[in-house]
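Colleague: requesting a structural model of the entry that follows:
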Amino acid sequence: MRKIAGNPVGNPYPGWRAFREADQDHFCGRDKDRAAVIELWTENRLTVVTGPVASGKTSLLQAGVYPKVKEEQPGALPPAQLTHGMTFPFAVLPEHNPYTYALLRAWSPTEVPIRLAGRTVSEFLRQFGRRHDHTVFAPIDQVEDIAVDASEGLRRTWRRQFLEDLARACDATPRLHLLLVARPEALDTITASLGTGARYEVGPLTVDNGLQAMTEPAMRAGRTFAPGAARQLIDDVRTYRIVTVQGGRTIQADRIEPALLQAVCHHLWRGLQDDRPEISEWEVRESGDVDSALAEYCAEAIAKVAAEHNLKVQRVHSWLLSTFVTDSGVRGMAYEGLTLTGDMPNGVARSLVDWHLLSSEVRSSARWYQLLSDRLIEPLRHANIKLPAPPTADDYLRAAKRQLALGEIDRARELASCVVRLAHGPRNHDGMRTLADAEVLLGNVAHEQDDPSGALPHYSRAISLLDAAGDPGGAVSCLAAVGQTLLALGSVPGQASENRIRDAVDKLRAAVGLAPSALALQTQLALALWQLGEGEAAVAVLNGVLGVDGGNREALRARGEILADIGEATSAKLDLERPSVRDRASALAAHGLAMAELGDYSRATEEIDAARTSAPHDGRVLFYAARASALKGDKVTSWELAQQAVDATNPPLSPSHRDAAIKLAGHE
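Modeller: The predicted model follows:
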């Protein structure tokens, strides 16, 4: 296995404007390593770049590998991160997967967002491949964000569905070359879902690479380092460790953390005098004092994380010292428990990893934390923790999005609620947008916690806010989310159920009118019409969808079910016998009902038994089974199944179907 020794600092510090421009072409002298990754990516259908926290994986992809591949390969998609998109309404579709949406949004940034909702990775790549007859280079960054969290609930389902979809896309798209960037703790999940692939390991910076990371951007900004000046700073940043090599020999290995080098260079640059083209050893010693720079770095991270988690900065500082610095003055470790790391909420430790103050790794199924580097011990002890400025609404919103992405749902709600309180200030464009995003995020939190009545007011308020902020597309997405939320509320038996479904139809019809090219919305409108008992109108809508996209799986499945339900068995059979739609129990049971309507009772029994085995509490599956039994003349079984359908909750029947099931059960 070839290893990258490190990479130059990503994210240019203020004033070094030439840094990123230089990266696009030269990557600070790392052409050889960049070429090695590109070679693996070019030769292999799956390549995994791995390395610990803050080792420079993202810089390698964003500033080195991707720009070069983009120049040479017309089929290169932009790098994606899977935890973006926290302020796009989760409820826009019943099976909306935020990981899939984030990926497709990054890969297709100019597409209307609502048109990406509901699409699978396989569908996206199939359509992309039709337009581009060449290899598709597809990069995904920070895969560990979804690979190592979420042991239960919706997030676990989203992760499983996303990885299954990605695996199908790899199988179905021979020209796809996938590049995944992740920490080592994600490798088991990646391997189990996608296979081993080619591996490339990122390590810390070497001394030579660290020097290049400092001197090359300075040269492009019109400055040089005096002889020995850059090496003086590098010597103060690096740490040493003794390692055993083959043959039992021990050697001294240098380690330079890119994040710390960046912080030190930032500190140095701010203290330089603008009129001096050469950076002297004296200026490095005075303006680039490493201990001062790293103490400032620690203080900023502590202040930001404390504010995000509504904690006193002194408490976070004391916890870091007591937990991660031992009495003998070396780094200590702490493992992540069910809710706490040490005596601090797990979210605090995870946020400090984001700030590159802590690192994390998984050992024996437990996540452990320690300081990023030994070089932080003394600066952490002497960090001047000042009272931070109060967070702004934008600060709280950024933190809320990250906490929701990490699965810290309760903390995300608290932070978004702070945004709402602070954003009710001057009604400017930016304030409107921030408030709208906070309302959507609060709706997403309620949706993830299966609380549609809690999500509804937040999505509703976001509609007018997004319109006022000049984002009509975002308003349409929230309008669709309101429609879907009303449908979810309408599935609960009661007097208001049918009225809620009618309101949902109105909202979805309005959304379709504003975004007529969003086929997924038209499919949802058809399903809502069906729930009202308007099956023929629903089929007409789906015919229009399939006239545009004849292979649309959701529309085919929906039309097949509806046709079977309204007695059009022959037409239903054509849709429901396509392999692509037979992955859902209700579609399988609907096909069984169609078989019974056509007199093939043996096939009907086989299909319905299989559907009931996989979804024993699905209302539609039980209702179709009851109807098929009635067609076979088995009235007793039909009555029993119809009663079970009436009582089903996962999911329940729509009001119109529930009324029909009650009649079939003999209650009317």
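
Colleague: helix, strand or coil for the closest residue to residue 592 other than its chain neighbours?
Modeller: Leaving aside its chain neighbours, residue 592 sits nearest to residue 607 (3.4 Å; criterion: CB to CB, 6 or more residues apart in numbering). Heads up, the C-betas are built off the backbone N, CA and C, glycines and all. At residue 607 the chain is in helix, as set by DSSP: H, G, I helix; E, B strand; the rest coil.

Colleague: where does residue 607 land on pLDDT?
Modeller: The model reports residue 607 with a pLDDT of 94.

Colleague: do residue 31 as well
Modeller: pLDDT, residue 31: 62.

Colleague: which parts of the stretch 51-200 of the chain are helices?
Modeller: Ranges of helices in the stretch 51-200 of the chain, per DSSP state H, counting those that start in this stretch, are 57-59, 66-72, 98-107, 113-116, 121-131, 144-147, 153-172, 187-194.

Colleague: report the angle between the fifth one and helix 153-172.
Modeller: Between helix 121-131 and helix 153-172, the angle comes out at 30 degrees (axes from the mean of the first three to the mean of the last three CA atoms, to 10 degrees).

Colleague: neighbouring contacts of helix 121-131?
Modeller: 77, 100, 103-104, 107-108, 116, 136, 138, 162, 165-166, 168-169, 172-173, 175-176, 553 (CB atoms under 8 Å, 6 or more residues apart in numbering).

Colleague: what comes up buried for it?
Modeller: 121, 122, 123, 124, 125, 128, 129 (16 or more other CB atoms under 10 Å).

Colleague: cool, and the longest one?
Modeller: Going by neighbour count (16+ other CB under 10 Å), the buried part of helix 153-172 is 154, 155, 158, 159, 162, 163, 165, 166, 167, 169, 170.

Colleague: over to the fourth one?
Modeller: Along helix 113-116, these residues count as buried under the neighbour rule (16+ other CB under 10 Å): 113, 114, 115, 116.

Colleague: do you know how far the third one is from residue 172?
Modeller: What that stands for is residue 115. 21 Å (CB to CB, to the nearest Å).

Colleague: domain parsing of the chain, as residue ranges.
Modeller: Annotated domains of the chain cover 3-202, 207-288, 292-381 [automatic domain parsing].

Colleague: okay if I get those domains as a markdown table plus distance to residue 502?
Modeller: Output for those, formatted as a markdown table (distance: least, CB to CB, whole Å):
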| stretch | distance to residue 502 |
| --- | --- |
| domain 3-202 | 18 |
| domain 207-288 | 55 |
| domain 292-381 | 42 |
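
Colleague: picking up where we left off before, looking at the buried residues of helix 153-172, which is nearest residue 488?
Modeller: Using CB to CB, residue 154 comes nearest to residue 488 of the buried residues of helix 153-172, at 13.4 Å.

Colleague: leaving out chain neighbours, which residue sits closest to that closest one?
Modeller: Nearest to residue 154 is residue 448, by CB to CB, 6+ apart, at 5.2 Å.

Colleague: so what's the one you found up against?
Modeller: Contacts of residue 448 by CB under 8 Å, 6+ apart are 90, 153, 154, 155, 409.

Colleague: hmm, which two among those residues are most spread apart?
Modeller: Maximum distance among those (CB to CB): 12.8 Å, for 90 and 153.

Colleague: count of neighbours near the closest residue to residue 37 other than its chain neighbours?
Modeller: Closest residue to residue 37 apart from its sequence neighbours, by CB to CB, 6+ apart: residue 65 at 5.0 Å. For residue 65, the neighbour count with other CB atoms under 10 Å is 30.

Colleague: now residue 343
Modeller: 10.

Colleague: that one: what's it in contact with?
Modeller: Neighbours of residue 343 in contact, by CB under 8 Å, 6+ apart: residue 319.

Colleague: repeat that for residue 142.
Modeller: So residue 142 contacts 58, 81, 82, 83, 181, 182 (CB under 8 Å, 6+ apart).

Colleague: can you rerun that using 7 Å?
Modeller: By CB atoms under 7 Å, 6 or more residues apart in numbering, residue 142 lies in contact with 58, 81, 181.

Colleague: do you know the pLDDT at it?
Modeller: Looking at residue 142, the pLDDT reads 93.

Colleague: quick one: residue 388 and residue 304, what's the gap?
Modeller: The value you get for residue 388 to residue 304, if CB to CB is used, is 8 Å.

Colleague: neighbour count winner among these two?
Modeller: The residue with more neighbours, out of residue 388 and residue 304, is residue 304; 22 against 15, by other CB under 10 Å.

Colleague: now that one: which helix or strand?
Modeller: In this structure, residue 304 sits in helix 290-308 according to DSSP states H and E.

Colleague: quick one: buried residues of that helix?
Modeller: Across helix 290-308, burial judged by 16+ other CB under 10 Å covers 290, 292-308.

Colleague: contacts for that helix?
Modeller: 233, 236-237, 260, 263-264, 267, 312-313, 316-317, 348, 351-352, 355, 357, 375-376, 378-380, 382-386, 388, 391, 395, 399, 415.

Colleague: try 6 Å this time
Modeller: For helix 290-308, the external contacting residues (CB atoms under 6 Å, 6 or more residues apart in numbering) are 236-237, 263-264, 267, 313, 316-317, 351-352, 355, 357, 379-380, 382-385, 388, 391, 399.

Colleague: with stretch 320-329 instead?
Modeller: Contacts for stretch 320-329 (CB under 6 Å, 6+ apart): 332, 334, 342, 370, 371, 377.

Colleague: end to end, how far does that stretch reach?
Modeller: Using CA to CA, to the nearest Å, one end of stretch 320-329 lies 13 Å from the other.

Colleague: so how far is it from its chain's centroid?
Modeller: 34 Å (CA atoms, centre = their mean, to the nearest Å).

Colleague: circling back: got a markdown table for the buried residues of helix 113-116, with pLDDT too?
Modeller: Shown next, in a markdown table, are the buried residues of helix 113-116 (pLDDT from 0 to 100):
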| residue | pLDDT |
| --- | --- |
| 113 | 89 |
| 114 | 89 |
| 115 | 88 |
| 116 | 90 |
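
Colleague: looking at the residues you listed, which is nearest residue 510?
Modeller: residue 114 (12.9 Å).

Colleague: from what I see, that closest one and residue 477 are in contact.
Modeller: Yes - judged on CB atoms under 6 Å, residue 114 makes contact with residue 477 at a distance of 5.0 Å.

Colleague: do a quick rundown of the strands in the stretch 151-300 of the chain.
Modeller: Along the stretch 151-300 of the chain, counting by DSSP state E, counting those that start in this stretch, strands occupy 176-182, 198-202, 224-225, 239-244, 250-255, 278-279.

Colleague: list the buried residues for stretch 322-335?
Modeller: Buried-residue list, stretch 322-335, by 16+ other CB under 10 Å: 323, 324, 325, 332, 334.

Colleague: got a list of contacts for stretch 223-230?
Modeller: Here stretch 223-230 has contacts from 211, 214, 215, 277, 278, 279, 280, 281, 284, using CB under 6 Å, 6+ apart.

Colleague: ok, residue 666 - contacts?
Modeller: Contacts of residue 666 (CB under 6 Å, 6+ apart): residue 639.

Colleague: can you do 10 Å?
Modeller: 635, 638, 639, 642, 643 (CB atoms under 10 Å, 6 or more residues apart in numbering).

Colleague: now swap in residue 200 and tell me
Modeller: Here residue 200 is in contact with 1-4, 33, 36-37, 39-41, 47-51, 57, 60, 65, 179, 181 (CB under 10 Å, 6+ apart).

Colleague: okay, and which of the contacts of helix 290-308 map to helices?
Modeller: 236-237, 263-264, 267, 313, 316-317, 351-352, 379-380, 399 (DSSP state H).

Colleague: pull the most distant pair out of the residues you listed.
Modeller: 236 and 399 (32.5 Å).

Colleague: could I get stretch 541-557 in PDB with only the CA atoms?
Modeller: Taking C-alpha atoms only, stretch 541-557 is exported to PDB below (Å, rounded to 0.1, in the frame of the first residue of the first chain):
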ATOM      1  CA  VAL A 541     -51.600  12.200 -13.300                       C
ATOM      2  CA  LEU A 542     -49.200   9.200 -13.300                       C
ATOM      3  CA  ASN A 543     -49.800   8.700 -17.100                       C
ATOM      4  CA  GLY A 544     -48.400  12.200 -17.600                       C
ATOM      5  CA  VAL A 545     -45.400  11.500 -15.400                       C
ATOM      6  CA  LEU A 546     -44.600   8.300 -17.300                       C
ATOM      7  CA  GLY A 547     -45.100  10.100 -20.600                       C
ATOM      8  CA  VAL A 548     -42.000  12.100 -19.700                       C
ATOM      9  CA  ASP A 549     -40.000   9.400 -17.900                       C
ATOM     10  CA  GLY A 550     -41.200   6.000 -18.900                       C
ATOM     11  CA  GLY A 551     -38.900   4.200 -16.400                       C
ATOM     12  CA  ASN A 552     -39.800   6.200 -13.400                       C
ATOM     13  CA  ARG A 553     -39.900   3.500 -10.700                       C
ATOM     14  CA  GLU A 554     -42.100   5.400  -8.200                       C
ATOM     15  CA  ALA A 555     -44.700   6.300 -10.800                       C
ATOM     16  CA  LEU A 556     -44.800   2.800 -12.200                       C
ATOM     17  CA  ARG A 557     -45.200   1.300  -8.800                       C
END
